[in-house]
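Novice: Return atomic coordinates for the entry below.
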Amino acid sequence: MSLPQQLRDESDFDQLPHNIPVSATIADIEEKKGFIDYFRFVIEVKTKGGSKYLIYRRYREFFSLHQLLEAKYSPEDPEKPGPNACILPSLPGKVFIGNKQEIAESRIPELNTYMKRLLGLPTWFLLDEALRMFFYQTDQDSQQLPQTLRRLRPPTRKVKTVKPNMDLFSSPRAEVYVEFGESKTETELEEGELLFVSACVSADYLQGTANNQTGIFPESFVKIIKPLPEGESEGDGGDHTYSCLRCLMLTPTGVDTRDVCVQEDLTIQPTYKDLLSRMRNVFEKDNIALNYRDPEGDLIRILDDEDIQLMIKESRGQQGKVKRPVNQFPWELHVTLASDLSVYNTEA
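Specialist: Predicted coordinates:
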């Protein structure tokens with residue numbers, strides 16, 4: 001780079017606002033359990049003014065950003081880019097098969113390189129609105145509490161290693177004395193088995209892990225050996241608070257009712273895609289349709305996010321007429337086979 005060009009670039013950089021992001025590094029990944037389970041990246045952002053903060057982003061948010069930037073700045077002819085065009089760094093591609101945690105871990109170095117090159121593009125590019133909003137710390141970001149931030153630890157710091165068995169047996173745990181597990185929402189365990197308690201789901205149910213599987217179980221069916229620490233009980237408002245979604249699978253032979261626990265707030269509006277994916281897993285069927293009942297009791301098929309919004313709006317209008325537990329969503333999902341049209345009221 002020539003000296004005049006370098007001086008001009010430095011001058012342009014000095015004119016940037018202090019809140020412009022200039023570097024970003026992935027500090028960790030965290031699992032988010034909701035209508036679908038996914039991993040998000042915990043990213044430390046540094047601004048031109050020297051401040052630092054954390055944001056939380058999914059891979060699909062990286063993908064959406066990249067598509068927007070490509071549409072705006074990718075030159076039609078890479079050999080002759082125009083004044084408002086630049087060569088964007090490559091984004092790691094989508095992966096459709098594999099362990100979600102392993103996929104997220106493997107993406108970290110590639111995404112770090114992507115962000116470094118993205119924020120190293122010409123000064124005018126850093127002022128792009130989509131780019132700034134991606135790296136902006138929202139109110140939701142600022143309210144999150146990071147779990148470990150292991151990649152921000154100094155390389156020379158010694159981390160104490162604890163043997164797995166010692167760590168497990170220092171954890172809250174219980175012993176099963178009543179065999180249970182017929183419900184899909186419960187952990188299948190036999191009498192005498194040991195399980196490790198991680199959260200209080202409701203007044204009657206706990207969450208725990210046994211045999212490398214995590215689920216919920218009735219507190220009355222186990223003997224508590226070591227209780228949960230104070231502050232992790234029901235209603236503490238922490239990350240372990242669960243909400244219950246009533247789901248009904250309508251088939252020619254009857255109705256299969258499931259209560260699905262998800263780590264989501266009762267006010268959330270999930271996407272149609274996420275709900276469909278979750279119901280396919282719950283009922284172990286692919287060719288299904290989602291529905292809700294309108295105030296007249298007729299079954300209405302859900303086709304997109306707008307239908308989800310309408311379902312929630314109508315269910316809130318019915319609140320007070322139906323008695324529900326305090327942690328249950330005011331709306332229910334009625335799942336049918338996609339090919340079964342006999343469940344709908346087709347009378348004129």
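Novice: Okay, and P92 sits in which element?
Specialist: Under DSSP states H and E, no helix or strand contains P92.
Novice: so what's it up against?
Specialist: R107, E110, L111, Y114 (Cβ atoms under 8 Å, 6 or more residues apart in numbering). Where C-beta positions appear, they are placed from N, C-alpha and C, glycine not excepted.
Novice: do you know how far it is from E110?
Specialist: 4 Å (Cβ to Cβ, to the nearest Å).
Novice: Equivalent analysis for I20, please.
Specialist: Counting by Cβ to Cβ, the gap from I20 to E110 is 24 Å.
Novice: got it, and K52?
Specialist: Counting by Cβ to Cβ, the gap from K52 to E110 is 23 Å.
Novice: Give me the secondary structure label for M115.
Specialist: On the three-state scheme (DSSP: H, G, I helix; E, B strand; the rest coil), M115 is labelled helix.
Novice: Pull up the gap between the residue nearest to it when sequence neighbours are not counted and Q15, please.
Specialist: With sequence-adjacent residues excluded and distances taken as Cβ to Cβ, 6 or more residues apart in numbering, M115 is closest to A24, at 4.4 Å. Distance, A24 to Q15, using Cβ to Cβ: 21 Å.
Novice: Neighbour count: these two, which is higher?
Specialist: A24 (22 against 7; other Cβ atoms under 10 Å).
Novice: quick one: buried residues of the helix or strand encompassing the more buried one?
Specialist: Per DSSP H and E, A24 falls inside strand 21-33. Buried residues in strand 21-33, defined by neighbour count with 16 or more other Cβ atoms under 10 Å: P21, V22, A24, T25, I26, A27, D28, I29, E30.
Novice: shouldn't the fourth one be in contact with E44?
Specialist: Yes: with contact taken as Cβ atoms under 8 Å, T25 and E44 are classed as touching, separated by 5.3 Å.
Novice: Now do H66 against P21, distance only.
Specialist: 16 Å.
Novice: Helices of the chain, start to end?
Specialist: 3-14, 59-73, 100-118, 129-135, 139-142, 164-169, 272-283, 305-317 (DSSP state H).
Novice: and V262, which of these is closest to it?
Specialist: Closest approach to V262 among the helices of the chain is made by helix 272-283 (7.9 Å; Cβ to Cβ).
Novice: so where's the stretch 101-250 of the chain shaky on pLDDT?
Specialist: 147-173, 177-189, 198, 201-204, 210-215, 226, 228-242 (pLDDT under 70).
Novice: if you go through it in chain order, where are the strands?
Specialist: Using DSSP state E, counting those that start in this stretch, the strands assigned to the stretch 101-250 of the chain run over residues 173-176, 194-200, 205-210, 213-218, 222-226, 243-251.
Novice: As TSV, the ones you listed with mean neighbour count and distance to L303 would be great.
Specialist: As requested, these are arranged in TSV below (neighbours: other Cβ atoms under 10 Å; distance: least, Cβ to Cβ, whole Å):
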stretch	mean neighbour count	distance to L303
strand 173-176	19	44
strand 194-200	20	35
strand 205-210	21	34
strand 213-218	18	32
strand 222-226	14	43
strand 243-251	18	17
